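Student: could you work out the structure for the sequence below:
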Amino acid sequence: MANIVVVGAGVSGLTTALLLSKNPAYSVTIVAKHMPGDYDIEYTSPWAGANFAPHRNVENPWERHTFPELYRLAKEVPEAGIHIQGNPPFSPTPTYQL
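Tutor: Numbers count the residues shown, from 1 in each chain. Coordinates of the predicted model:
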């Protein structure tokens with residue numbers, strides 16, 4: 001069994017640890033100064049916003065794998081604190097035409 005250490009318990013660290021822990025060949029440990037539930041100014045995850053806005057290259061493999069997991073967490077795990085909302089474009093002209 002491979003021992004994996006994830007440093008940080010923010011959104012990225014916890015999501016990485018969650019996905020790795022689904023593989024029975026991995027033993028995952030999270031090391032962090034702050035964990036979910038901590039409301040310390042140094043722990044940004046409870047306060048930070050994020051924006052998932054795919055670029056024109058819709059074939060980007062990271063986006064194809066990342067978005068379904070974020071969507072699943074938003075719908076099935078409300079305690080994850082992920083919310084889906086619309087985001088209108090800032091410009092009526094698509095980026096590729098600018």
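
Student: where does pLDDT dip in the chain?
Tutor: Residues of the chain meeting the criterion pLDDT under 70: 47-48, 54-59, 89, 94-95, 98.

Student: let's go with 90 and repeat that
Tutor: 10-12, 14-15, 34-71, 73-74, 77-98 (pLDDT under 90).

Student: so N87 touches A50, yeah?
Tutor: No - counting by CB atoms under 8 Å, N87 stays clear of A50, with 11.2 Å between them. The C-beta positions use only the backbone N, C-alpha and C, and glycine is treated the same way.

Student: wait, doesn't G81 sit right on P46?
Tutor: Yes - using CB under 8 Å, G81 makes contact with P46 at a distance of 7.4 Å.

Student: on that earlier part again, common neighbours of N87 and A50, please.
Tutor: Common neighbours of N87 and A50, using CB atoms under 8 Å, 6 or more residues apart in numbering, do not exist here.

Student: tell me the SS of T15?
Tutor: Classification of T15 using DSSP: H, G, I helix; E, B strand; the rest coil returns helix.

Student: got it, and W62?
Tutor: Under three-state DSSP, W62 comes out as helix.

Student: what is the burial count for it?
Tutor: Neighbours of W62 under the rule other CB atoms under 10 Å: 8.

Student: nearest residue to T44 in space, please, no chain neighbours.
Tutor: What sits nearest to T44 in space, not counting adjacent residues and going by CB to CB, 6 or more residues apart in numbering, is G10, at 6.6 Å.

Student: before I go, just wanted to say thanks for your time.
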